[in-house]
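Undergrad: no sequence on this one, just coordinates:
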């Protein structure tokens, strides 16, 4: 893992509610990206594969009718990318915030000052989240958690 000062990296796991759908954490990732954008923070959303990246891209277009979140897939959009960039391969530029939607902690996670992750409401995905938590601790990062009270159930 590439490192900055790992003690300065903040990692938070958002625990999805029991009644949430299989990919409700995708919707909540969009909520988190929108909050970061409103705070003028550049974000990289890392997905398992191209299909998940396209799903997030579509969700960001439609998830909040009252506000637009400038975003693009890696390699599209402006040269430096939009405020929110989505990809299934390592990022090209530097951004402070990583939203991780993959099953592991990416080896480039140390270049971010904040990592946002999720504990979905699925037993197999919960096991993977525990493994990511443990990996971060082994890298000297102390993760924290936050229980999500409500998330819109999405069919995505």
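TA: Great, that's in hand. Since the model is a prediction, treat every value here as computed from it, not as a measurement.
Undergrad: any idea how far the residue positioned nearest the centre of the chain lies from residue 35?
TA: Closest to where the C-alpha atoms of the chain average out (Cα atoms, centre = their mean) is residue 99, at 1.9 Å. Per Cβ to Cβ, to the nearest Å, residue 99 is found 11 Å from residue 35. All C-beta atoms are positioned from the backbone trio N, CA, C, and that covers glycine.
Undergrad: Mind listing the shared neighbours of these two?
TA: Overlap of the contact sets of residue 99 and residue 35 (by Cβ atoms under 8 Å, 6 or more residues apart in numbering) is empty.
Undergrad: Please, where are all the helices along the chain?
TA: Taking DSSP state H, the helices of the chain run over residues 24-38, 50-62, 123-138.
Undergrad: Name the nearest residue to residue 115, ignoring sequence neighbours.
TA: Once flanking residues are discounted, residue 115 sits nearest to residue 11: 4.2 Å by Cβ to Cβ, 6 or more residues apart in numbering.
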